[in-house]
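Engineer: generate coordinates for the sequence data below:
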Amino acid sequence: MMDAVDIREVGPRDGLQAEAPASVDDRVRLIEALLEAGVRHVEACSFVSPKAVPSMAGAVEVMARVPRAPEYRYAALVPNLKGAEMALDAGVDELTVTVSASETYNKRNVRMSIEQSLDEIERICALAGTVPVDAVISCSFGSPYEGRIDASDVVLLANRLQGVGASRITYADTTGMATPPLIETLVHTAGTVEGLHLHDSRGTALVNAYAALEHGVRRFDSSVGGLGGSPFADGAAGNLATEELVYLLDDVGYRTGIGLGPLLRASALAAEIIGHPVASRLAMAGPRKGSAG
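Structural biologist: Residues are numbered from 1 along each chain as shown. Predicted coordinates for the structure are as follows:
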C-alpha cells in the first residue's frame, strides 16, 4: 500500500495574508473549493489584530461559516493568549503558534524575544487543553538577518517547545533558504522531522519536498496557487504550491486523497479572488496528458 502524506492547506491564511484583503465570502468560497478537491486539513484564518494584518480580519465569521464534518480539521494561527482564547471560542480544531529560530525575525514578527514567545506558547498550550497545538519554527533553515542557522540550535528550540506543551513541531523555511542538503542535515540532527512548511522564494520548494520525502517526512504545509509569504521578511513570497506538491506525490506514488483537477479549479478561484495570476507553474502550464486527478 502506498504511504499517505498529510497536506495542511495554508492558502486561506498564509496565502491570503500577503494579499489585499479578501472578503469573508471569498475566503469561505476558497475553503469550500479546497474541501471539494479532497483537502481535509486547512489553516483557515488567523486570530491576529486586524491592524497588524488587515487581510485576516473577520476570523470569527470565517470559522462560523466554514463547512463542518468529522473529517475536516481547521487550524488557526494565534500570536498570543488572547488570540488563542478567541480561536478556541470559535471552535477551531487545532492552534498554530510560531516562534522563530532568528531572534531578529521573532522580534519583527511578534514583537517578542524568543524567550518571551516560549513563555506565551506555554500559556497557550495550557489553555488549549486537549486541542492540539502545532508549533511552527520559522527561519529553520536561515534568516535574512542572521544568515544560516545551525540545525542543532533549531532542534534545541523544538525540544523546548515540546517541553512547554506543543503537540507537534513544524519546521518552516520562511525565506526559501533551504536546499536538499540542509533538509538532510535537519532530519539527521532531529532524528525525526514530523512536518515541513516550505517556501519557494528561490525555486527550491518542490525539490526540498522530494528530498524530505526521501528522508521520511510525511506532513507538509502548502498553499493553493503558491500564494503567500511572510509580510515580515523581504523576498519571502511564495509558498510551496499545493497543486505542484500533489502532482509530484501522485507521480511518485503517495496518497493524499486530493484530486488534482478540482484542486486546479480551486487555484483558479484563488487567482480570481486576489485579482492576478498565481505563482504556481502547474496552474499556468497544466498537468501533462494522462496525469491522475
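Engineer: can you tell me which residues contact Glu146?
Structural biologist: Glu146 makes contact with 102-104 under the criterion Cβ atoms under 8 Å, 6 or more residues apart in numbering. Every residue, glycine included, has its C-beta placed from N, CA and C.
Engineer: burial count for Gly275?
Structural biologist: Gly275 has 9 neighbouring residues, counting by other Cβ atoms under 10 Å.
Engineer: pLDDT wise, what is it at?
Structural biologist: What the model reports for Gly275 is a pLDDT of 96.
Engineer: what of Gly238?
Structural biologist: 85.
Engineer: can I assume it is in contact with Gly228?
Structural biologist: Yes: between Gly238 and Gly228 there is a contact under Cβ atoms under 8 Å: 6.9 Å.
Engineer: give me the more crowded residue out of these two.
Structural biologist: Set side by side, Gly238 and Gly228 show more neighbours around Gly228, with 29 against 24, by other Cβ under 10 Å.
Engineer: so what's that one up against?
Structural biologist: 10-11, 14-18, 199, 237-239.
Engineer: kindly recompute the last result at 7 Å.
Structural biologist: Contact analysis of Gly228 by Cβ atoms under 7 Å, 6 or more residues apart in numbering lists 10-11, 14-15, 18, 238-239.
Engineer: go on, Asn106?
Structural biologist: 99-100, 112-114, 117.
Engineer: and with 6 Å instead?
Structural biologist: Contacts for Asn106 were tallied using Cβ atoms under 6 Å, 6 or more residues apart in numbering; they are 100, 114.
Engineer: same thing with Leu206?
Structural biologist: Per Cβ under 6 Å, 6+ apart, neighbours of Leu206: Glu244.
Engineer: pretty sure Glu71 contacts His41?
Structural biologist: No: under the criterion of Cβ atoms under 6 Å, Glu71 is not in contact with His41, lying 9.5 Å apart.
Engineer: tell me which of those two has more neighbours.
Structural biologist: Between Glu71 and His41, counting by other Cβ under 10 Å, His41 is the more crowded of the two (19 against 8).
Engineer: could you find the closest non-adjacent residue to Gly142?
Structural biologist: Met177 (3.5 Å; Cβ to Cβ, 6 or more residues apart in numbering).
Engineer: now do the strand or helix carrying Asp119: everything it contacts.
Structural biologist: Using DSSP states H and E, Asp119 maps to helix 114-128. The contact list for helix 114-128, computed with Cβ under 6 Å, 6+ apart, reads 80-81, 84, 95, 97, 99, 103, 106, 133, 164-165.
Engineer: what about those, which are in strands?
Structural biologist: Judged by DSSP state E, the subset of these located in strands is 95, 97, 99, 133.
Engineer: most neighbours among these, which one?
Structural biologist: That'd be Val99 among the ones in strands among the contacts of helix 114-128, by other Cβ under 10 Å, with 28 neighbours.
Engineer: that one bridge partners, please.
Structural biologist: Applying DSSP bridges to Val99 gives these bridge partners: Ile137.
Engineer: show me what contacts Ser49?
Structural biologist: Ser49 neighbours (Cβ under 6 Å, 6+ apart): none.
Engineer: do that again at 10 Å, thanks
Structural biologist: 56-57, 79-80, 82-83 (Cβ atoms under 10 Å, 6 or more residues apart in numbering).
Engineer: what do you get for Pro132?
Structural biologist: Pro132 neighbours (Cβ under 10 Å, 6+ apart): 73, 75, 93-96, 125, 166-168.
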